[in-house]
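>>> Show me how the following folds:
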Amino acid sequence: MNTITITGNLTRDPDVRVFGSGSSLTTFGLADNFILKNKPEVDGKPQTETTFFDCDAWGDVGIEVEKFKKGSRVKVEGRIKQDNWEKDGKKFSKLKVVVLKIEAEGKDTNNAPAAKASTTAQPRRAAAKQSRAAQPAQEIEVPESASGVPF
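Model (predicted):
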């Protein structure tokens with residue numbers, strides 16, 4: 001099972017993109033500080049190891065992400081996805097978190113929803129909803145082999 005739960009702070013304000021199909025993607029960064037219990041304190045503070053995550057939140061989950069801003073402490077649940085691409089003949093890959101759920105964590109003052117979500121996000125979301133409403137649902141045929149476990 002591919003699941004991950006991370007509690008951390010947003011490293012940047014969420015960025016919303018709406019595509020021609022009407023679907024939307026909200027991207028943001030998340031930082032997790034892990035306390036190294038086996039290391040001695042430095043200047044009276046525990047040593048930490050910071051891990052940074054790039055996160056993608058699609059559709060309604062992305063709308064929830066827009067409530068937060070840089071520095072907000074959140075708990076994210078999702079799955080790991082590997083992006084692969086090629087540039088100038090070199091192959092690259094990167095792990096991302098596909099967010100399935102997000103919620104405020106702790107009593108940090110940064111968790112208060114931003115006074116204004118995104119000045120451009122609201123009109124784009126409205127246009128995306130109108131676009132989706134105008135399009136009929138499409139049926140997708142799934143081959144029988146796709147229903148089984150791939151290993």
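>>> okay, CA-based contacts and neighbour counts for the rest of this
OK.
>>> any chance you could map the strands in the protein?
4-10, 15-18, 24-35, 48-58, 73-87, 90-104 (DSSP state E).
>>> Now the shortest one: average pLDDT?
Averaging pLDDT along strand 15-18 yields 94.
>>> surely Phe52 meets Leu30?
Yes: applying Cα atoms under 8 Å, one finds Phe52 in contact with Leu30, separated by 5.8 Å.
>>> of these two, who's got more company?
Neighbours per residue (other Cα atoms under 10 Å) separate Phe52 from Leu30, with Leu30 holding more: 24 against 14.
>>> How about that one: what's its closest non-neighbour residue?
The shortest distance from Leu30 to any non-neighbouring residue, by Cα to Cα, 6 or more residues apart in numbering, is to Leu10 (4.5 Å).
>>> show me the contacts for that neighbour.
Phe28, Gly29, Leu30, Ala31, Lys69, Lys70, Gly71, Ser72, Arg73, Val74 (Cα atoms under 8 Å, 6 or more residues apart in numbering).
>>> Surely the fifth one is in contact with Asn9?
No: taking Cα under 8 Å as the contact criterion, Lys69 and Asn9 are not neighbours in contact, 9.3 Å apart.
>>> which residues sit in contact with the residue nearest to Val76 when sequence neighbours are not counted?
Among residues not flanking Val76 along the chain, Ile102 sits closest, at 4.6 Å (Cα to Cα, 6+ apart). Residues in contact with Ile102 (Cα under 8 Å, 6+ apart) are Val61, Glu64, Val65, Val74, Lys75, Val76, Glu77.
>>> ok, and the most crowded of the residues you listed?
Within those, most neighbours by other Cα under 10 Å means Val65, with 29 neighbours.
>>> and the gap between that residue and Val42?
Distance of Val65 to Val42, computed by Cα to Cα, to the nearest Å: 35 Å.
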